[in-house]
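Trainee: Take this sequence and fold it.
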Amino acid sequence: MRLTILGGGGFRLPLVYGALLGDRADGRINRVVLHDLDARRLGAIARVLADQAAGVPDAPEVVVTTDLDEALRGADFIFSAIRVGGLEGRAADERIALAEGVLGQETVGAGGIAYGLRTVPVAVDLARRVARLAPDAWVINFTNPAGLVTEAMSRELGDRVIGICDSPVGLGRRVAHALGADPDTAWFDYAGLNHLGWLRGVRVRGRDELPRLLADRELLTSFEEGRLFGADWLQSLGAIPNEYLHYYYFNRETVRAYQEAEQTRGTFLYEQQARFYAAMERPDTPALRTWDRTRAEREATYMAHNREAAGAGERAAADLESGGYEQVALALMRAIAHHRRTTLILNVRNRGTLSALDADAVVEVPCFVDANGAHPVTVAPLPDHATGLVCAVKAVEREVLAAAESGSRARAVAAFALHPLVDSVAVARRLVEGYTAAHRTLGYLR
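Mentor: Residues are numbered from 1 along each chain as shown. This is a model prediction of the structure:
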């Protein structure tokens, strides 16, 4: 089978290839096509992959190309992990938002809206090309904001595009380990939107163990989300929120921590990756070792400003285990290609799963996956406070989609103004002015 990876020069790509190297099943991926607009980055990542494959029998063949149509033709699966505007764009998103006193994180609040406005038109064009050149391919979307981009692509591809995220997977694993349970056999009652979901139950051998966790303050603060949100708040909620909800529940503290930091997360990653790719231009640079060292630093500093705002301290060793988006992608491809039914938390069209949203709204919920794709599992209604937040953020996503489709500056202003983390229409107007000045790709807004 052939896997095409869009954004193939991206830093996290070796995680995906590492998962493919470990797959020895019949009918596995045997050809990987990396596509990127930046040939320099493609070459650097191809070197890392070559080091990974050294000594591995029958390692998947790797082909690199900057020709998008060539990359799409003949693909069985297409993995989308593009970043429109690069990390330099993310750093600008953060800076412009913080200057207005609002959050600039890449998927949440003003930063997420700005990122969505410049990514959706590109994602829609990609979806149309896939429909024309690889109509039988399945698209696995990891491009952020993942739920919004998946919904934009689903308007062209229907259910053949499925969004993935490692955040709910990582949350489930940490909670299961805290409970002494096997995360691979537990059932996680999780629902919401991408980066806006709640874990409401953990069923182990038919019994919900989450109440036991919530009743034990010591156990509750033994993992990252417990330290981040605090036992009192988690007990009040009666659920474990996705880590990104810290931006909502502790917004003022987080914005202050971002403003007082020496540099934002986007600036840190931009500078860090610039050093990595520059080092990779030297032929004597040990590719895999250099990439591994850079990745370890990246993981250790993840959500550092939130932990600072919460007084949660450094990340514990157990919290450094990623949710494994590469393993989610591999399990998804296996289930579809070989009709191996499995259950995964995915971003798919709602189809009545969350009653407050329409059928075509992309939600993040447990799904049964088989050869016919991903089928969302009916879940219990969210509590009122969560439903309100989900509906508000979905309305914002719809304004982003409308602005991208029509080129309407007024709809873009509405997207910012209606977001729960933007507190003024005047601020929304200034954000649109700032972002359109910073990003030429937003010149379509009139």
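
Trainee: alpha carbons only for contacts and neighbour counts from here, please
Mentor: Fine.

Trainee: Show residues contacting stretch 45-57.
Mentor: Outside of stretch 45-57, the residues that reach it under the criterion C-alpha atoms under 8 Å, 6 or more residues apart in numbering are 8-11, 13-14, 17-18, 21, 59, 62, 64, 287-288, 291.

Trainee: List the buried residues for it?
Mentor: For stretch 45-57, the neighbour count (16 or more other C-alpha atoms under 10 Å) marks 45, 46, 47, 48, 49, 50, 52, 53 as buried.

Trainee: Narrow those residues to those in strands?
Mentor: Counted as lying in strands by DSSP state E, out of the buried residues of stretch 45-57, is not a single one.

Trainee: For the contacts of stretch 45-57, which entry has the maximal number of neighbours?
Mentor: With neighbours defined as other C-alpha atoms under 10 Å, the most crowded of the contacts of stretch 45-57 is residue 8; it has 30 neighbours.

Trainee: contacting residues around that one?
Mentor: 34, 35, 36, 42, 45, 81.

Trainee: And for stretch 381-394, what's in contact with it?
Mentor: By C-alpha under 8 Å, 6+ apart, the list of residues contacting stretch 381-394 from outside reads 191, 192, 193, 196, 354, 355, 356, 357, 361, 418, 419, 420.

Trainee: what about the fifth one, neighbour count?
Mentor: This means residue 354. Here the count is done by other C-alpha under 10 Å, and residue 354 has 24 residues near it.

Trainee: any idea which element it lies in?
Mentor: Using DSSP states H and E, residue 354 falls within no helix or strand.

Trainee: ok so, going back, may I see the buried residues of stretch 45-57 arranged in a markdown table, with distance to residue 208 and pLDDT as well?
Mentor: Putting these into a markdown table (distance: C-alpha to C-alpha, whole Å; pLDDT from 0 to 100) gives the following:
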| residue | distance to residue 208 | pLDDT |
| --- | --- | --- |
| 45 | 43 | 98 |
| 46 | 45 | 98 |
| 47 | 46 | 98 |
| 48 | 43 | 98 |
| 49 | 42 | 98 |
| 50 | 45 | 97 |
| 52 | 41 | 97 |
| 53 | 42 | 97 |
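
Trainee: how about those residues in TSV, adding distance to residue 397?
Mentor: Listed next are the buried residues of stretch 45-57 as TSV, based on distance: C-alpha to C-alpha, whole Å:
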residue	distance to residue 397
45	33
46	35
47	38
48	36
49	36
50	39
52	39
53	40
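
Trainee: Out of those, which sit inside helices?
Mentor: Secondary structure assignment (DSSP state H) places 45, 46, 47, 48, 49, 50, 52, 53 from these within helices.

Trainee: which one of those is nearest residue 214?
Mentor: When those are compared for distance to residue 214 (C-alpha to C-alpha), residue 52 wins out at 41.6 Å.

Trainee: before we move on, back to that, name the nearest of the buried residues of stretch 45-57 relative to residue 178.
Mentor: Closest to residue 178 out of these is residue 52 (32.4 Å), distances taken as C-alpha to C-alpha.

Trainee: Can you report how many residues neighbour residue 406?
Mentor: A count of neighbours around residue 406, defined by other C-alpha under 10 Å, yields 13.

Trainee: let's have the chain start at 311 instead
Mentor: I'll keep to 311 as the first residue from here, and by that count the last item is residue 716.

Trainee: Give me the contacts around whatever helix or strand residue 675 lives in.
Mentor: In the assignment (DSSP H and E), residue 675 maps to strand 672-680. Surrounding strand 672-680, the residues in contact under the criterion C-alpha under 8 Å, 6+ apart are 457-458, 460-461, 498-504, 507, 642, 645-646, 648-660, 664, 684-687.

Trainee: which stretches of the protein form strands?
Mentor: For the chain, applying DSSP E gives strands covering 312-316, 341-345, 371-375, 387-390, 448-451, 471-473, 497-503, 506-514, 517-518, 550-551, 652-659, 672-680, 683-686.

Trainee: separation between residue 329 and residue 339?
Mentor: As judged by C-alpha to C-alpha, to the nearest Å, residue 329 and residue 339 stand 10 Å apart.

Trainee: do the same with residue 402
Mentor: Relative to residue 339, residue 402 is positioned 37 Å away (C-alpha to C-alpha).

Trainee: Please apply the same query to residue 714.
Mentor: Separation of residue 714 from residue 339 (C-alpha to C-alpha) stands at 35 Å.

Trainee: Neighbour count for those two, which is higher?
Mentor: residue 714 (25 against 22).

Trainee: quick one: contacts for the residue positioned nearest the centre of the chain?
Mentor: For the chain, the residue sitting closest to the mean C-alpha position, by C-alpha atoms, centre = their mean, is residue 475 at 4.5 Å. Under the criterion of C-alpha under 8 Å, 6+ apart, the contact list for residue 475 reads 452, 456, 504, 635, 656, 657.

Trainee: one more time with 6 Å
Mentor: For residue 475, the residues meeting the contact criterion (C-alpha atoms under 6 Å, 6 or more residues apart in numbering) are residue 635.

Trainee: ok so, going back, and the strands of the chain as a markdown table, adding mean pLDDT?
Mentor: Shown next, in a markdown table, are the strands of the chain (pLDDT from 0 to 100):
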| stretch | mean pLDDT |
| --- | --- |
| strand 312-316 | 98 |
| strand 341-345 | 98 |
| strand 371-375 | 98 |
| strand 387-390 | 98 |
| strand 448-451 | 98 |
| strand 471-473 | 98 |
| strand 497-503 | 97 |
| strand 506-514 | 97 |
| strand 517-518 | 97 |
| strand 550-551 | 98 |
| strand 652-659 | 97 |
| strand 672-680 | 97 |
| strand 683-686 | 97 |
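
Trainee: which of those sits most buried?
Mentor: Of all these, strand 471-473 carries the top mean neighbour count, a mean of 29, counting by mean count of other C-alpha atoms under 10 Å.

Trainee: Distance from the chain centre to that strand, please.
Mentor: If you compare the mean C-alpha spot of strand 471-473 with that of the full chain, they lie 12 Å apart, counting by C-alpha atoms, centre = their mean, to the nearest Å.

Trainee: and if you look at stretch 344-362?
Mentor: Centroid separation for stretch 344-362 versus its chain: 21 Å, with C-alpha atoms, centre = their mean.

Trainee: which residue lies farthest from the center of this structure?
Mentor: With distances taken as C-alpha atoms, centre = their mean, the residue sitting farthest from the centre of the chain turns out to be residue 594, at 33.4 Å.

Trainee: quick one: it from residue 520, how far?
Mentor: For residue 594, the distance to residue 520 - C-alpha to C-alpha - is 51 Å.

Trainee: does residue 463 really touch residue 432, like I thought?
Mentor: No - using C-alpha atoms under 6 Å, residue 463 is not in contact with residue 432, being 9.8 Å away.

Trainee: Right, I'll call it a day here.
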